[in-house]
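*Asks:* Whatever this is, show me its structure:
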Amino acid sequence: MAESQTTCARPDPLAEFLACAVRLADRALDQALPPDSEHPRRLHAAMRYSVFAGGKRLRPALVLAACRACGGSDDACLPAMAAVELLHTYTLIHDDLPAMDDDDLRRGRPTCHRAFDEATAILAGDALQAQAFLSVVVLGTPAVQVLGLAASSRGVVGGQQDDLDSENQAGMPPGERAAALERIHRAKTAALIRASCVLGGISAGAPAPFLAALGAYGEASGLAFQIADDVLDATASSQALGKTAGKDAAQGKCTYVAVHGLDAARAESHRQLELSLQALAPLAPHVETLAALARFMVDRDH
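*Replies:* Below you'll find the predicted structure:
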């Protein structure tokens, strides 16, 4: 496997890897975004406020781990690391808007529309989405297509629509509600996690079988991640989460806990975890970090 071209050593344990991923992602994001001194300053300040609000940088970390697993260098995947976090941050800004989830807290501080205003938040999200594609275009058409599908009506935007449509629909027939739940989880969360993994492989010039394995891993781990998130929303505090706890139940959201119950949610998140680990077989033996990330997504406490 090729060695990293950065000063970050290939780390073990996972905490060191995640810290390295944050450093690399933040460097790439800082280079991708206009400075807040550039006109229009309020818009650029809002973009940077949301992007640099903290967070786990999980999606960039998946890009990095997938690229390394396929023998690529860290420098090669910096554009993709920036792109997935820019796109993810845009979705968070828009999800928090009064017309959507109407939330006041994100990553432990006021949401973008509270810190600035609603119109600026909408524009900041729009600009971040555009910047994501400007970042990934250097990796070529296949990378743009992967990110575009994740961002489309067949990905996060469609997932958000299904999420809104399913609110307060507890009287829906159980089979229909379960099907809606799966659509939401696959489109709203798993699509971008899957794309992050595949973009890491593309950054490394990985062959098609490796990209397919990364896609299957990302799909399953993304589902596991979202189900674990549903569990946390039902069980953790706002302080631990860095966002408003219990909001899903208060808004009548279609979550795994609401549809199937807490015990079933915990069991399914671990089943999807096992599927994600099995999908990594073609990439063996270079899968330790990806496997650890999948376990982290299920076992985390925030």
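*Asks:* For the rest of this, base every contact and every neighbour count on C-alpha atoms.
*Replies:* Fine.
*Asks:* Can you pull out the low-pLDDT segments for the chain?
*Replies:* Confidence mapping of the chain against pLDDT under 70 gives the ranges 1-12, 236-251, 302.
*Asks:* What segments of it are strands?
*Replies:* Counting by DSSP state E, the chain has strands at residues 105-106, 109-110.
*Asks:* thought residue 120 was touching residue 43?
*Replies:* Yes: with contact defined as Cα atoms under 8 Å, residue 120 counts as touching residue 43 (6.2 Å).
*Asks:* ok, those two, which is more surrounded?
*Replies:* residue 43 (22 against 19; other Cα atoms under 10 Å).
*Asks:* That one: what's it in contact with?
*Replies:* 36, 120, 123, 124 (Cα atoms under 8 Å, 6 or more residues apart in numbering).
*Asks:* how about the longest helix anywhere in the chain: buried residues?
*Replies:* For the chain, the longest helix by residue count, based on DSSP state H, is helix 208-235. Within helix 208-235, the residues that count as buried by 16 or more other Cα atoms under 10 Å are 210-234.
*Asks:* just to revisit the earlier point, among the contacts of residue 43, which ones are in helices?
*Replies:* 120, 123, 124.
*Asks:* residues contacting the first one?
*Replies:* Right, the one you point to is residue 120. Contacts of residue 120 (Cα under 8 Å, 6+ apart): 42, 43, 46, 113.
*Asks:* for residue 39, same thing?
*Replies:* Contacts of residue 39 (Cα under 8 Å, 6+ apart): none.
*Asks:* Check residue 166 too.
*Replies:* 177, 180, 253, 254.
*Asks:* please redo it, this time with the cut-off set to 10 Å
*Replies:* Neighbour list for residue 166: 160, 172, 177, 180, 181, 184, 252, 253, 254, 255 [criterion: Cα atoms under 10 Å, 6 or more residues apart in numbering].
*Asks:* Distance of the closest residue to residue 275 other than its chain neighbours relative to residue 124?
*Replies:* Residue nearest to residue 275 in three dimensions, not counting chain neighbours: residue 220, with 6.1 Å by Cα to Cα, 6 or more residues apart in numbering. Look at residue 220 and residue 124: by Cα to Cα, to the nearest Å, they are 31 Å apart.
*Asks:* ditto for residue 194
*Replies:* From residue 194 across to residue 124, the span is 25 Å (Cα to Cα).
*Asks:* what do you get for residue 293?
*Replies:* As for residue 293, its distance to residue 124 is 30 Å (criterion: Cα to Cα).
*Asks:* quick one: which of those two has more around it?
*Replies:* residue 124 (27 against 21).
*Asks:* what sits against the closest residue to that one other than its chain neighbours?
*Replies:* Leaving out its chain neighbours, the residue that sits closest to residue 124 by Cα to Cα, 6+ apart is residue 47, at 5.2 Å. Going by Cα under 10 Å, 6+ apart, residue 47 touches 33-36, 41, 86, 89-90, 93, 112, 120-121, 123-128.
*Asks:* which of those are buried?
*Replies:* 33-34, 36, 86, 89-90, 93, 112, 120-121, 123-128.
*Asks:* So which residues of the stretch 101-250 of the chain form helices?
*Replies:* 112-115, 118-136, 141-151, 156-165, 174-184, 191-203, 208-235, 238-241, 247-250 (DSSP state H, counting those that start in this stretch).
*Asks:* The second one to helix 141-151, inter-axis angle?
*Replies:* The directions of helix 118-136 and helix 141-151 differ by 150 degrees, with axes from the mean of the first three to the mean of the last three Cα atoms, to 10 degrees as the criterion.
*Asks:* could you check the angle helix 191-203 makes with helix 118-136?
*Replies:* Here helix 118-136 runs at an angle of 30 degrees relative to helix 191-203 (the same axes, to 10 degrees).
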